[in-house]
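# sharing a sequence plus its predicted fold:
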Amino acid sequence: MDQTQFGLRANWKQFTLLVIVNAFVGDMVGIGTQGKIGTR
């Protein structure tokens, strides 16, 4: 348990960055898809 908590504390910055990048890329892809569908 302690090792897992330490790992999460040590990696929370990377985890947060991953979530932000994931959301940003997903949002951009969604906008791009909507744009293509809307154009056609």
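Right, received. Where do you want to start? Predicted, not measured: the structure shown is a model, and the values here were computed from it.
# contacts, neighbours, all on C-alpha from now
Fine.
# so where does Gly32 fall, helix or strand?
helix 2-39 (DSSP states H and E).
# how about that helix: buried residues?
Buried residues in helix 2-39, counted by 16 or more other CA atoms under 10 Å: none are found.
# which strands or helices does that helix pack on?
Using 3 or more CA pairs under 8 Å, 6 or more residues apart in numbering; DSSP states H and E, no helix or strand is in contact with helix 2-39.
# could you pull up the mean pLDDT of it?
Confidence for helix 2-39, expressed as mean pLDDT, is 78.
# from Gly32, how far out is Val25?
Note on Val25: its distance to Gly32, by CA to CA, to the nearest Å, is 10 Å.
# likewise Trp12?
For Trp12, the distance to Gly32 - CA to CA - is 30 Å.
# repeat that for Ala23.
14 Å.
# cool, Gln14 as well?
Distance from Gln14 to Gly32, counting by CA to CA: 27 Å.
# ok, now Leu18?
21 Å.
# could you do Phe24 as well?
12 Å.
# equivalent analysis for Asn11, please.
31 Å.
# just Thr16 next, same as before
24 Å.
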